[in-house]
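Chemist: take this sequence and fold it.
(2 chains)
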Amino acid sequence: MDETLVNLDDLGLTEEELFAPFDCSEINSEKITAPRYSYWKSVFRVFFKHKINIFLLALLGFVVFLAYVYPLISPYNSAEHVTDLEAFHLSPSEAISRFGFHLKYIFGTNAQGASTFNAVWSGAQISISLALVCAAINMTIGILLGAVWGFSKKFDIVMIEVYNIVGNVPYILVISVLVMIMTGSFWTLVFAMTLTGWIGIAYFIRTQVLIIRDREYNLASRCLGTSIFKITLKNILPFMTSVIVTVIATEIPSYISYEVFLSYIGMGLSDMSLGRLIEENQVAMTTPGWGWEFWTPVIVAAIITVVLYVVGQNLGDASDPRTHM
Amino acid sequence: MVKYILKRLLHGIVSVLIVVLIVMLLVYSTMDRNLIFSSDGTFTKLSGNDKEVYRYQQWERYGYLDYVPYGDYLGTLGLTSEERSAAAFGNTPAEDSAAAKKYIEQFTKEYESRGYTVTRLNYSKAKGNSKQLFAYKDINVFVRFWNFVTGIVTVDNIHNARGIADEERGISFTWYDPAYFTYDEAGNVVGKKFSPAIIGNGTTHKYLLYFDGKFPFIHQNLISVSLGTSYSVNQGVDVWDTMTQSQGAYVNGEVSYPTGHIEVSADNLHSATYVEGSLAAGGEFVQARFTDDYTNISTNKAGMSRMGYSFTIGIIATIIAYFVGLPLGILMALKKDKFADKLGTLYIIFIIAVPSLAYIFMFKGIGMLMGLPVTFDTSGNWLYYILPIVSLALPSIGGLMKWMRRYMIDQSNSDYVKFARSGGLSEGQIFRKHIMKNAAIPILNGIPGSVLGALTGAIITESVYVVPGVGNVLTKAINLYDNSVIVGITLFYALLSILALILGDILMALTDPRISFNKKER
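Modeler: Sure thing, here's the model as predicted:
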């Protein structure tokens, strides 16, 4: 105890330096200070608290790396061994013993003798890109329009009718007619999937806005003369962050599923996507020994969507401030 | 309540009509109309002017335009045969006779003044082309829409058939259906069977109302639904018939034809429709069997209709889904955060996130390993139904589990449950009388949707297992550019979904006393 005490005389300081009168200002005493708080920092603190999320994020990173970087190193070439009849439908072990060990043969070869591994990842690249672009467009339009829709009663009357009507036009009809009129290119599909795709999101956001629009703190804001735009931006959107993240988490995998479905019924992309791979290799499913070329795109599609969904859901949970305690 | 429902129905019908109009605009005004021939065998065989004329004839048949050949125009003028042959147009305009020139000019003038385009295609020996002269005018999409909507429901009447004397037209009622008569060798009726029927003469259908041994035992032909004639999916047949006609192998039975001729055949006499002059044109074969022009009959088939298969599979899957999904959802809510809940959540994530195509193929793969048949067959063996039903039920089980769990947990956290508990009610009572009742309401709302949804079929499941159901009609129509089928199916889907919404709300109002459609009662 005694050891920690210091004799002031030993410091060799003057009386003024040791003791100064404290400036007791009225303004400073009125200030309330709180510890620094960053919303996103605490979101990620909660998110990374669960070890499973680190694993899933790493898996997601790995998949994205394979889909976006691997095709640059080893691009998919459908005509690689097209003249070599012996190279068709090889299982991984046969392919490796035939061509020597290379990463691209670990899933065997497909009906034209091309590497299934390369096909899967260049397909995954297109499918993921399509999902991301569609989600970005639909979410932006959906959130903005949904917020206005929830606020304006006049707009609501019109939009409810539009929603009832557009919701009844079969989605595959819109997409396939557009794909037929234009071609089955990447941007056509993006256009087709976003033409009516935003309306469901907008409706969901509208309902959420309606729920919190008339809460007391918003009424108070309005009484104080805050503009509706500012209320939406500062009071309502932050409240809905976790809801929006959760919607994104469901939307992105659903676009991948949709692309797979459309390609399967013959209305999808003309590029090699995951859906087209599954559709083209369908025959291989029932043929013994050809299973690899069919099941790998199916399983990769499943892994990508599950990882995206779970990461998104967990991020959505973490972005709810109520979990930050 | 009734007023509210009528209002909702009217509102729903208006939105369905707008949907149909939008789809018609999409399909008929934006799509290249030459695409409809892409899978037409006759079209590819034709060449030159014949091909050109065939195109216009088909377009007229499928409602794109009004097509008038020069010959038809001459027919309306009431000319004598000499005048007609004089009016015949030549191989080229230069070869026309003076009389022909006059008529062609008259034809051109008349139709061009009505907005038609007159086209003349010359004869050319080298190309083997025939000479053609015709006028055509596009039919506006809005006119088409009107024609389509007004033609959806038709009521048969005694003035439909042409070529029947007016005094013979009429509707008769009989206690003994003539289709069940038995005859002796001389063709006299010897046996009758009690089976009431209403028979029309002059109507399109001969039997307007009759009984037979097939579900629902009483059948009618008085009111018929037409959703548009198919071009390539099922050529010449209406979409509604494509969906509702039975398929598969013929069912033969002893048929006694109206003449007394008895034969083992699959003909269904109750389906007889009128074709003018068919008795005379049909020759001995038809005359040996029929006594009037009601000779166009369909056949009895063993299988169900497309809608029948889709509905059977869909409804069984729905029932299984509700009976398995709801208890599992309740179990998950009761064991919240325990092992059962986590396992269930894993399953729900799998169903939501994984593309449905992928897991249906996984189910198919597992089924194959278990030795179940994977390619559907209409022979009626129940083994064929297992995999399609399972593939449809498993995803809906996931969805129901998710919502039931959510609703149960939301309800069990609410204040009235806490109050009931503090009041001393047992957990069982709280669960049965409070939580269950309230959590079931939103679930009930979805039941009409799942039941009616079973009628529309499932696209992926049906195509993976090759089920001859309704699910693939739309995709097939889109792939084959069969526009009237697209419009017809859209109308059908839209009607069902509107009906499901209304029925869901009514069901909710009936079960939940807090919901009332009558504003004044509040």
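Chemist: which residue is the nearest non-sequential neighbour of residue 178?
Modeler: Just so you know, I chose chain A. residue A:192 (4.0 Å; C-beta to C-beta, 6 or more residues apart in numbering or on different chains). Placement of C-beta: from N, CA and C, glycine included.
Chemist: wrong one, chain B
Modeler: For residue B:178, the closest residue by C-beta to C-beta, 6+ apart turns out to be residue B:258, at 6.7 Å.
Chemist: that neighbour reaches residue B:288, doesn't it?
Modeler: No. Using C-beta atoms under 8 Å, residue B:258 makes no contact with residue B:288, being 10.7 Å away.
Chemist: give me the pLDDT value at the residue nearest to residue B:178.
Modeler: On pLDDT, residue B:258 comes in at 81.
Chemist: what's the residue nearest to residue A:178 in contact with, if anything?
Modeler: A:174, A:175, A:178, A:179 (C-beta atoms under 8 Å, 6 or more residues apart in numbering or on different chains).
Chemist: and residue A:280, by the same measure?
Modeler: Contacts of residue A:280 by C-beta under 8 Å, 6+ apart are residue A:111.
Chemist: ok, 6 Å please
Modeler: Residues in contact with residue A:280 (C-beta atoms under 6 Å, 6 or more residues apart in numbering or on different chains): none are found.
Chemist: with residue B:472 as the reference, measure out to it.
Modeler: 19 Å (C-beta to C-beta, to the nearest Å).
Chemist: and what of residue B:71?
Modeler: Using C-beta to C-beta, residue B:71 is found at 41 Å from residue B:472.
Chemist: what does residue B:119 give?
Modeler: 39 Å.
Chemist: so those two - more neighbours on which side?
Modeler: Taking other C-beta atoms under 10 Å in any protein chain shown, residue B:119 and residue B:472 do not tie; residue B:472 has more neighbours (22 against 13).
Chemist: that one and residue B:462 touch, don't they?
Modeler: Yes. Counting by C-beta atoms under 6 Å, residue B:462 is a contact partner of residue B:472 at 5.4 Å.
Chemist: around chain B, pick out the residues from chain A.
Modeler: By the rule C-beta under 6 Å from any C-beta of the partner chain, the part of chain A lying against chain B is A:164-165, A:168-170, A:176-177, A:181, A:253, A:257, A:260-261, A:264-266, A:298, A:301-302, A:305-306, A:309.
Chemist: PyMOL command to pick out the buried ones of those residues?
Modeler: Selection of buried members from the residues of chain A next to chain B for PyMOL, criterion 16 or more other C-beta atoms under 10 Å in any protein chain shown:
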select buried, chain A and resi 164+165+168+169+170+176+177+253+257+260+261+264+265+298+301+302+305+306+309
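Chemist: show me what counts as buried in the one helix or strand residue B:7 maps to.
Modeler: Residue B:7 is part of helix B:2-24, with elements assigned from DSSP states H and E. Neighbour-count burial for helix B:2-24, counted by 16+ other C-beta under 10 Å, picks out B:4, B:8, B:12, B:15, B:16, B:18, B:19, B:20, B:21, B:22, B:23, B:24.
Chemist: what is the end-to-end distance of stretch B:202-211?
Modeler: End-to-end distance of stretch B:202-211: 21 Å, with C-alpha to C-alpha, to the nearest Å as the criterion.
Chemist: low-confidence ranges, the stretch 1-150 of chain B, go.
Modeler: The model of the stretch 1-150 of chain B has pLDDT under 70 over residues B:125-128.
Chemist: what about residue A:141, how many residues close to it?
Modeler: 16.
Chemist: near chain A, anything from stretch B:331-341?
Modeler: No. In terms of C-beta under 6 Å from any C-beta, no part of stretch B:331-341 sits within range of chain A; the closest distance is 13.9 Å.
Chemist: quick one, helices of the stretch 201-325 of chain A?
Modeler: Here the stretch 201-325 of chain A has its helices, by DSSP state H, counting those that start in this stretch, at A:216-223, A:228-230, A:241-264, A:274-280, A:282-286, A:291-318.
Chemist: actually the stretch 51-200 of chain A, not the one I wrote
Modeler: Going by DSSP H, counting those that start in this stretch, the stretch 51-200 of chain A shows helices at A:51-68, A:70-73, A:92-99, A:116-151, A:153-166, A:171-181, A:186-195, A:198-213.
Chemist: so which of those gets nearest residue B:61?
Modeler: helix A:171-181 (21.7 Å; C-beta to C-beta).
Chemist: packing partners for the closest one?
Modeler: For helix A:171-181, the contact count by 3 or more C-beta pairs under 6 Å, 6 or more residues apart in numbering or on different chains; DSSP states H and E identifies helix A:186-195 as packing neighbours.
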